[in-house]
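Asker: please find the sequence and the predicted model below.
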Amino acid sequence: MRKKIVAGNWKMNLNFEEAKALAGELKVKLDHQRGVVPAHKAVSSPEVVLFPPYVYLTRILDLFINDEGVSVGAQNCHHEDHGAHTGEVSAPMISSVGATHVIIGHSERRSQFGEDDELLAQKVKQALKSALVPVFCCGEMLPERENGKHFQVVTDQLLRGLFWMDEVQLAKVVIAYEPVWAIGTGVTASPGQAQEMHAHIRKLIGDTYSKGAAERMSVLYGGSCNAKNAAELFANPDVDGGLIGGASLKAADFFQIIKSLDGSQ
Ligand code: 13P
């Protein structure tokens, strides 16, 4: 069975005190939940992944040391492994502090920093070389959807960004479908819209690689997913969890989203 994942992308938010408080509150809730719902009763506990800003990585990692249910990752990495790139952070650096995941190709990186699919493919290579799980983001902009181009846009992003790799490498990747028009807007994709794109992505993997590769791939939904709409989105057969922005900044909301996926609510 493929992995169910709820990930929190904190983006450039929270000072350190706030970040610590958020992670601490979440830890208390998760620990309590695990005590209340015995392991054999939890239908399928989702993996929780937190993506704090770089500067908080080690401190948030310390909080979840020896916690098998919670992983910590970075929001980005450079496309080279070292060098004279002032202000940048490489995949081997992220991995060396104990982080396990890295977001690559978030639409904010694509639009604000001009990251294109070729550069993103280099970043994915770096992540895999450092044994980090790349959480590769794809998704169309509103005019692309309105013009009926959304399937093609996502297909191209995956072809260029990911599908150069072999099936063994692909098994280490997580895909996040984040329609740009839904990110931070309060406009969520309907469960039907999410399901049809996730099914499209899975079929694409099936056609390009194999049925097994498609079945194993975790495809997360992101874009105004919150405590109220998460259960409905996660009920789709091809939605394996979420990449949550705004709602991951409130422990109660994020915890509710996690519970929406683990079958215990
Ligand atoms: P919001 O949940 O704030 O819409 O952000 C989604 C996102 O971009 C996660 O990476």
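Answerer: Yep, that arrived. Residues are numbered from 1 along each chain as shown.

Asker: residues of the chain that sit close to the ligand?
Answerer: 9, 106, 178, 183-184, 222-225, 243-247 (Cβ under 6 Å from any ligand atom). For every residue, glycine as well, the C-beta is placed using N, CA and C.

Asker: apply 5 Å and report the result again.
Answerer: Asn9, Ile183, Gly184, Gly222, Gly223, Ser224, Leu243, Gly245, Gly246 (Cβ under 5 Å from any ligand atom).

Asker: tell me the contacts of the first one?
Answerer: Yep, that's Asn9 we're talking about. Neighbouring residues of Asn9 by Cβ atoms under 8 Å, 6 or more residues apart in numbering: Phe51, Gln75, Ile103, His106, Gly222, Leu243, Ile244, Gly245, Ser248.

Asker: one more: the third one?
Answerer: Gly184 makes contacts with Ser224, Gly245, Gly246, as judged by Cβ under 8 Å, 6+ apart.

Asker: thinking again about what came up before, return the closest of the contacts of Asn9 with respect to the ligand.
Answerer: Gly245 (2.2 Å; Cβ to the nearest ligand atom).

Asker: neighbours around the closest one, how many?
Answerer: As a burial measure, Gly245 scores 24 neighbours (other Cβ atoms under 10 Å).

Asker: measure it to Lys11 for me?
Answerer: 6 Å (Cβ to Cβ, to the nearest Å).

Asker: with Ile5 instead?
Answerer: From Ile5 to Lys11 the distance is 18 Å (Cβ to Cβ).

Asker: neighbour count for these two, which is higher?
Answerer: Ile5 (24 against 18).

Asker: which ones are touching the more buried one?
Answerer: Per Cβ under 8 Å, 6+ apart, neighbours of Ile5: Pro46, Glu47, Val48, Val49, Val174, Ser218, Leu220, Asp240, Gly241, Gly242.

Asker: ok, the fifth one touching Leu220?
Answerer: Yes: counting by Cβ atoms under 8 Å, Val174 sits close enough to Leu220 to count as a contact (6.5 Å).

Asker: anything in contact with each of those two?
Answerer: Joint contacts of Val174 and Leu220 (Cβ under 8 Å, 6+ apart) are Ile5, Val135.

Asker: buried ones in the helix or strand hosting Ala231?
Answerer: Secondary structure from DSSP states H and E places Ala231 in helix 230-234. Buried residues in helix 230-234, counted by 16 or more other Cβ atoms under 10 Å: Ala230, Leu233, Phe234.

Asker: adding pLDDT, write those out as TSV.
Answerer: Below are these laid out as TSV (pLDDT from 0 to 100):
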residue	pLDDT
Ala230	97
Leu233	97
Phe234	97
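
Asker: can you redo those residues as a markdown table with distance to Glu18?
Answerer: Shown next, in a markdown table, are those (distance: Cβ to Cβ, whole Å):
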| residue | distance to Glu18 |
| --- | --- |
| Ala230 | 23 |
| Leu233 | 27 |
| Phe234 | 27 |
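
Asker: which of those residues lies closest to Glu68?
Answerer: Distance to Glu68, by Cβ to Cβ, is smallest for Phe234 among those, at 21.5 Å.

Asker: check contacts around the closest one.
Answerer: Here Phe234 is in contact with Tyr221, Gly241, Gly242, Ser260, Leu261 (criterion: Cβ under 8 Å, 6+ apart).

Asker: if you set the cut-off to 10 Å instead, what comes out?
Answerer: The contact partners of Phe234, taken as Cβ atoms under 10 Å, 6 or more residues apart in numbering, are 4, 6, 46, 191, 194, 220-221, 225, 240-242, 257, 260-263.

Asker: can you check Val135 too?
Answerer: Val135 neighbours (Cβ under 10 Å, 6+ apart): 5, 7, 9, 49, 51, 73, 75, 101-106, 127, 173-176, 218, 220, 222, 243.

Asker: now the helices for the stretch 101-250 of the chain?
Answerer: Per DSSP state H, counting those that start in this stretch, the stretch 101-250 of the chain carries helices over the ranges 107-113, 117-129, 142-146, 150-161, 167-170, 191-208, 211-216, 230-234.

Asker: can you redo those as JSON lines with distance to Phe64?
Answerer: Listed next are the helices of the stretch 101-250 of the chain as JSON lines, based on distance: least, Cβ to Cβ, whole Å:
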{"stretch": "helix 107-113", "distance to Phe64": "25"}
{"stretch": "helix 117-129", "distance to Phe64": "20"}
{"stretch": "helix 142-146", "distance to Phe64": "37"}
{"stretch": "helix 150-161", "distance to Phe64": "29"}
{"stretch": "helix 167-170", "distance to Phe64": "27"}
{"stretch": "helix 191-208", "distance to Phe64": "28"}
{"stretch": "helix 211-216", "distance to Phe64": "25"}
{"stretch": "helix 230-234", "distance to Phe64": "22"}
